[in-house]
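>>> Next one to model:
(one chain, ligands or ions: 1)
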Amino acid sequence: MGIEPILTYVRTLLTRTVQKDDMVVDATVGNGHDTVFLAKLVGENGKVYGFDIQAQAIEQTMKRLRTENIAGPVQLFQTGHEHVASYLSAENDGQLAAAIFNLGYLPKGDKAIVTKPKTTITAIEQLLPLLKVGGILVLVVYHGHEGGAEERDALLEYVSSLDQEFFHVLQYAFLNQRNHPPFVLAIEKRKNVS
Ligand code: SAM
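As a prediction, this is how the structure comes out:
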């Protein structure tokens, strides 16, 4: 196998990590592609919690789930991922297998509605305690739009500061592609922070 494209690599990471019956989070459901992918990985008895601030995204995702005949494992919330801790309580600490973020704007949607550095980092801070050891948080960082560079820089600073005793942090990026290619950040939990 050659070098995997960004989105294929994301799916490889998720497929390697997520098992049947797991609990996972799609922090930016958008058009629902990752939600469906995760729902298939966890199966009927798993749990997928999906978040998006836009009604259009929630509707699109519900439509995609219906088309795929998926119901059981998915719960969608029209709210910001920065509130994830209110939906997945501390009882779930150490139970989450994976979380995925696709940053930026909704494809075919309103390009002015984008993820923001502060809320993205707040969500990551709330998700890290929930991750199980060996669990993974994946971010696809799109940074070509207005505000994208600020979010990229804030994220790189934040994830670089995570203690290597507890987290592996990976950046997967093509360095010679034109027009602000997206890249992946992946945070794998090595051990629980006591
Ligand atoms: N994964 C999606 C797919 O498969 O189509 C694409 C996601 S799109 C790049 C980014 C999404 O993040 C948009 O739908 C946008 O509404 C959403 N978003 C922006 N700010 C958010 C927030 N604070 N919490 C949750 N979702 C947010």
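
>>> What is the lowest-mean-pLDDT helix or strand in the chain packed up against?
The weakest-scoring helix or strand in the chain, judged by mean pLDDT, DSSP states H and E, is helix 84-87 (a mean of 94). The contact analysis (3 or more CB pairs under 8 Å, 6 or more residues apart in numbering; DSSP states H and E) places helix 84-87 against strand 47-51, helix 117-127. Yep, even glycine has a C-beta here, placed from its N, CA and C like the rest.

>>> same thing but at 10 Å, please
The contact analysis (3 or more CB pairs under 10 Å, 6 or more residues apart in numbering; DSSP states H and E) places helix 84-87 against strand 47-51, strand 74-77, helix 117-127.

>>> Adding mean neighbour count and mean pLDDT, write those out as a markdown table.
Listed next are these as a markdown table, based on neighbours: other CB atoms under 10 Å; pLDDT from 0 to 100:
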| stretch | mean neighbour count | mean pLDDT |
| --- | --- | --- |
| strand 47-51 | 25 | 97 |
| strand 74-77 | 18 | 97 |
| helix 117-127 | 18 | 98 |
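
>>> how about these in a markdown table, adding distance to residue 143?
Listed next are the helices and strands packed on helix 84-87 as a markdown table, based on distance: least, CB to CB, whole Å:
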| stretch | distance to residue 143 |
| --- | --- |
| strand 47-51 | 21 |
| strand 74-77 | 26 |
| helix 117-127 | 11 |
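
>>> Redo the ones you listed as a markdown table? Include distance to the ligand.
Listed next are the helices and strands packed on helix 84-87 as a markdown table, based on distance: least, CB to the nearest ligand atom, whole Å:
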| stretch | distance to the ligand |
| --- | --- |
| strand 47-51 | 5 |
| strand 74-77 | 9 |
| helix 117-127 | 4 |
